[in-house]
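[1] mind folding the following:
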Amino acid sequence: MPRFVLLAHDWPHPHLDLLLERGGVLKAWRLPAGFTPTEPAAAEAIGDHRLAYLDYEGPVSGDRGRVVRRDAGEVEWLTTDPDRMRVRVGGAVLSGVFELVHIEGERWRFGPVGGS
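    Numbers count the residues shown, from 1 in each chain. Predicted coordinates for the structure are as follows:
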């Protein structure tokens, strides 16, 4: 089963990185530091990450701060629409069905789906 990880990252400013395994890489979005799983939040698509980030904590190469794991678990992809993706995640912090909705460019919205 594919996995996910939620990392706290302090560079270039405090935020969370949501990394979802798909197709041999981690699809990645930046969430605000104050993200709570019960409310939708702005998300920014960032470049794919290597699978090694599923189990990594520590400094990021190139003097780009450090990452700390906040949550991890399994992810199930429920839809294949590239502009409206639904996933079921099973972690301690993120648990249930969530949706990533493409707004424009790198801008997305990430939040829970009702009744998950």
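
[2] under the pLDDT cut-off, which ranges of the chain? List them.
    For the chain, the stretches with pLDDT under 70 are 115-116.

[3] quick one: list the elements packing against whichever strand in the chain runs longest.
    The strand that spans the most residues within the chain, counting by DSSP state E, is strand 66-77. Packing partners of strand 66-77 (3 or more CB pairs under 8 Å, 6 or more residues apart in numbering; DSSP states H and E): strand 3-9, strand 15-22, strand 58-59, strand 84-90. Yep, even glycine has a C-beta here, placed from its N, CA and C like the rest.

[4] so can I have JSON lines of those strands showing distance to Ile103 and mean neighbour count?
    Shown next, in JSON lines, are the helices and strands packed on strand 66-77 (distance: least, CB to CB, whole Å; neighbours: other CB atoms under 10 Å):
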{"stretch": "strand 3-9", "distance to Ile103": "21", "mean neighbour count": "21"}
{"stretch": "strand 15-22", "distance to Ile103": "16", "mean neighbour count": "22"}
{"stretch": "strand 58-59", "distance to Ile103": "32", "mean neighbour count": "10"}
{"stretch": "strand 84-90", "distance to Ile103": "11", "mean neighbour count": "18"}
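
[5] as a markdown table, the ones you listed with distance to Glu74 would be great.
    Below are the helices and strands packed on strand 66-77 laid out as a markdown table (distance: least, CB to CB, whole Å):
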| stretch | distance to Glu74 |
| --- | --- |
| strand 3-9 | 6 |
| strand 15-22 | 9 |
| strand 58-59 | 23 |
| strand 84-90 | 5 |
